[in-house]
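1. give me a 3D structure for the following:
(2 chains)
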Amino acid sequence: MSRRYIPKVVTANRLREGDVVYLTANNLWTPHHQEAELIEDEAHAQLRLLHAAGQKLIVVGAYLADAKAGAKGPEPVHFREAFRTRGPSNYAHGKQVDLTHV
Amino acid sequence: MYDYTDFDEAFVRTRVAQFTDQVERRLDGSLTEDEFRPLRLMNGLYLQLHAYMLRVAIPYGTINPRQMRQLANIADTWDKGYGHFTTRQNIQFNWPKLPDVPAILSALADVGMHAIQTSGNCVRNVTADHFAGAAADEIEDPRPYAELLRQWSTDHPEFQFLPRKFKIAITGSPNDRAVTAAHDIGLRMTRNAAGEAGFEVFVGGGLGRTPMIGHLVRQFLPVGDLLPYVESVLSVYNTLGRRDNKYKARIKITVHETGRDEIARMIEARFAEVRPLFGGADQALLADIRAAFAQPALQSRSLADYDAAYHSHPVFRAWADTNLSEHRKGDHAIVTISIKAHGQTPGDATSDQMRVIADLSETYGYSELRISHEQNVILPHVHKADLPVVHAALAKVGLATANVGLLSDMIACPGMDYCALATARSIPVAQEIALHFEALKLEHDIGALKIKISGCINACGHHHVGHIGILGLDRAGVENYQITLGGDATETAAIGEKTGPGFAYDEIVPAIERILRAYLGLRLHAEETFLDAYRRVGMDPFKRALYGDEGHQDAA
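-> Numbers count the residues shown, from 1 in each chain, chains lettered A, B, ... in the order given. This next block holds a predicted model:
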């Protein structure tokens, strides 16, 4: 039996600002990880990554990151991705403050 | 210091115009990211975890007050009000937006600065002793040679696509403060039997995943042969370097695989070809450059103010005892401004702090400043009578921490708080170590100690040459910190030895405490430093302290 596919989200940085964003199911880019499309099928993940890679005027460096289902939506699995949802730990900079104003 | 000539100015302005056009074409879709990426990297612009990052060169760590103020303005206008000084004597801005970068580069060009060759497989910013031009132990100011190397290597057509990046460090003093042994080329000034100045040339040093101490390939290189010899080293490397494998592409691997003797022979053979092609223009240029590094006219006056403050103000005395170094003129001092207040991010200076530093440099420091690879700022020439005023002004902006050379004067790379390559965080580990030992009031008792922290194997935090090195890794999806002991970044350079299994994020500070309590228990006397004690007793007592007697067996 093949190993179960670890669900993914498509993530990238905005081309102009560099901000971390995630691809939603309706083809928008959101700064909120929990609003991302949780992709549970490998073939579909590749299609979504191709879609993201085509958005070259909006984002840069799109890739698939491991994720898991959570109460409010997808949650990161790896600590690197968890840091990307917040910003640095030494200052209140980045999303941890920017998103509170949204 | 060296000011741009018309040629330098035109070159940098042309590059800004080119990159401005490239950014526009990226933003309008004319350039793909694959096409744009090498262009932005050539101009120091990286994409990091949360944002872009712009790395600006501070050639051989020398900067003037006007430039420092411009960095402050850039931080306020286009970033978040601070900059990060790095182990490469660069400054990094962590939050620029792509459309703003041309304006930032233009603002840098206004003060004779740029971000060229701060990335890519080329000769990077040449680094130098941060006490250059001021140190009491100096044979000669190494900066004219560093500037000559900068001009020669900038946009050098033969060396823009080397097998891998290439770093040159230079010191004019026998006491090596520039970590020359851990660079692709390390140049240490020396004198021959006739009393002439020249260089010992080391090749093939480096840290990263395969740390190596450089090999001495030339005992005495006359200063007039510097460019043809360095060009010969690069020429041999450019031919032999492993372009097939990124992890084996640095010159340290070339030297390791080829052998020191054969590499030295090949360099000399190439040098015999290259030397006659240098017709003297380089020496004429060097003479011009030397004139730009003329020493300031140092004042002579009473030391009464200094003596009075030293004897009556314990806080000033503590700072003077740790943060001052011997100047070649006895009534002056070299001031190291610690950018390592306990609990702060090592190497980060706010725009306000930068402006105060610039003001102090102008008023009391002959308008000179250096940035150290240890992430501090140096006022290289301050008359001792002015030190109490300088100290008071620094204290007002949180820059008077008396910890230079002590535990909390740590190097820490940005780690996974910023860096896309990092495998773990560095900054919070540094912050917590500093705060922990500050609370214990043990720092001064422990004495001279170099802790260096890297957030990945690439070793920007120089962990291999820390007396205590900490390397952050990703072990099965969890941050894990490996410890090395006995590293040394000086003229007695050594690579630290791993203690054994690593420690989880919440275990690393207690682990460092166990090591240092073991040291305090076994040292012969208060003057025996951690490194001296380690060299005397070896790894075993520290392994026991870290892992216990049972764990020590497992770790061995």
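2. and the next element down the chain from the longest helix along chain B?
-> Secondary structure of chain B per DSSP state H: the longest helix is helix B:6-27. Sequence-wise, the next helix or strand downstream of helix B:6-27 (DSSP states H and E) is helix B:33-42.
3. now that following helix - C-alpha only, CSV.
-> Extracted in CSV, the C-alpha atoms of helix B:33-42 (Å, rounded to 0.1, in the frame of the first residue of the first chain):
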residue,chain,number,x,y,z
GLU,B,33,11.7,35.4,-12.2
ASP,B,34,14.2,33.0,-13.6
GLU,B,35,15.6,35.8,-15.7
PHE,B,36,15.4,38.4,-13.0
ARG,B,37,16.8,36.3,-10.1
PRO,B,38,20.5,36.4,-11.1
LEU,B,39,20.1,40.1,-11.9
ARG,B,40,18.7,41.0,-8.5
LEU,B,41,21.3,38.8,-6.7
MET,B,42,24.1,40.6,-8.6
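4. which element is the residue in the stretch 101-250 of chain B that chain A sits nearest to on?
-> Nearest to chain A, among the residues of the stretch 101-250 of chain B, is residue B:101, at 10.5 Å (CB to the nearest CB). Quick note: C-beta positions are derived from backbone N, CA and C, even for glycine. Taking DSSP H and E as the definition, one finds residue B:101 inside helix B:101-110.
5. can you list the strands that the next helix or strand after that helix pairs with?
-> Following the chain from helix B:101-110 toward its C-terminal end, the next helix or strand by DSSP H and E is strand B:127-128. Using DSSP bridges, the strands paired with strand B:127-128 in its sheet are strand B:168-171 (parallel).
6. average model confidence for the partner strand?
-> For strand B:168-171, mean pLDDT rounds to 98.
7. mind jotting down where the helices sit in the stretch 51-200 of chain B?
-> Ranges of helices in the stretch 51-200 of chain B, per DSSP state H, counting those that start in this stretch, are B:65-78, B:101-110, B:143-153.
8. most tightly packed of those?
-> The highest average neighbour count among those, using mean count of other CB atoms under 10 Å in any protein chain shown, belongs to helix B:143-153 at a mean of 23.
9. quick one: list the elements packing against that helix.
-> If contacts are counted by 3 or more CB pairs under 8 Å, 6 or more residues apart in numbering or on different chains; DSSP states H and E, helix B:143-153 sits against strand B:127-128, strand B:168-171, helix B:226-240, helix B:281-292.
10. need the residues that contact the shortest one.
-> Strand B:127-128 is contacted from outside by B:60-62, B:88-89, B:142-143, B:146, B:167-172, B:178, B:183, B:373, using CB atoms under 8 Å, 6 or more residues apart in numbering or on different chains.
11. can you turn the buried part of those residues into a ChimeraX selection?
-> In ChimeraX, a selection of the buried entries from the contacts of strand B:127-128 looks like this (16 or more other CB atoms under 10 Å in any protein chain shown):
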select /B:60,61,62,88,89,142,143,146,167,168,169,170,171,172,178,183,373
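12. now the helix holding residue B:101 against helix B:6-27, angle please.
-> For helix B:101-110 against helix B:6-27, the angle by axes from the mean of the first three to the mean of the last three CA atoms, to 10 degrees is 170 degrees.
13. how distant is the biggest helix by length in chain A from the center of its chain?
-> Criterion DSSP H: the longest helix present in chain A is helix A:42-53. Here helix A:42-53 is found 13 Å from its chain centre; the criterion is CA atoms, centre = their mean, to the nearest Å.
14. roughly how far does the closest residue to residue B:497 other than its chain neighbours sit from chain A?
-> Nearest residue to residue B:497, sequence neighbours excluded (CB to CB, 6 or more residues apart in numbering or on different chains): residue B:486, at 5.5 Å. In this view, residue B:486 and chain A are 29 Å apart by CB to the nearest CB, to the nearest Å.
15. near chain B, which residues of chain A are found?
-> Neighbours of chain B within chain A, by CB under 8 Å from any CB of the partner chain: A:13, A:15-20, A:56-57, A:60-61, A:77-80, A:83-84, A:87-91, A:93-95.
16. just those residues: which are in strands?
-> A:13, A:20, A:60, A:61 (DSSP state E).
17. measure the last one to residue B:51 for me?
-> So that's residue A:61. 12 Å (CB to CB, to the nearest Å).
18. what does the stretch 51-200 of chain B put close to chain A?
-> B:51, B:52, B:80, B:94, B:95, B:96, B:97, B:98, B:99.
19. okay, now the second one: neighbour count?
-> For residue B:52, the count of nearby residues is 23 (other CB atoms under 10 Å in any protein chain shown).
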